[in-house]
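Asks: A predicted structure for the sequence below; I have some questions about it.
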Amino acid sequence: MKNDDFKELIVGVVLIVLLVFHLNPFGFYMPSAAAMLLLCGIVVLVLIWLSFIWKEKPQDERENLHRLLAGRVAFLVGAGILLLGIAVQGLQHNLDPWLPVALGGMVIAKLAARAYGRTKL
């Protein structure tokens, strides 16, 4: 299991680096072909990252609690960042529709998972 943790860490770090380069904060490259290559790399790494998350199985109650806590923190941080983006872009009167769609999708998925858990588990 430790080997999978290391692989997941490496994939996460490389994904973050690619996301930063995709933003092109320092104007290093022309955003056409390089951006498309970075975007392809980001998609592949997110799919690999999701495979790690999908196949993880807790060994005991403590590990399950850590997994649930990590999911809760990730949800709250993601929702907070999206909410901040909605507020900033709303004040600029230039709201990207993907921000509320993403936040709404997160909330709907959370509600659906809780309803499923109450009825099936």
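Replies: Sure, I can see it.
Asks: could I get the pLDDT score of Ala87?
Replies: Per-residue confidence at Ala87 stands at 93 (pLDDT).
Asks: swap that for Leu84, please
Replies: pLDDT recorded at Leu84 is 94.
Asks: separation between the closest residue to Val107 other than its chain neighbours and Ala102?
Replies: Among residues not flanking Val107 along the chain, Ala79 sits closest, at 7.6 Å (Cβ to Cβ, 6 or more residues apart in numbering). From N, CA and C alone the C-beta is placed, and that goes for glycine too. Distance of Ala79 to Ala102, given as Cβ to Cβ, to the nearest Å: 9 Å.
Asks: for the helix or strand hosting the residue nearest to Val107, name the packing helices and strands.
Replies: Using DSSP states H and E, Ala79 sits in helix 61-91. Helices and strands touching helix 61-91, as assessed by 3 or more Cβ pairs under 8 Å, 6 or more residues apart in numbering; DSSP states H and E, comprise helix 98-120.
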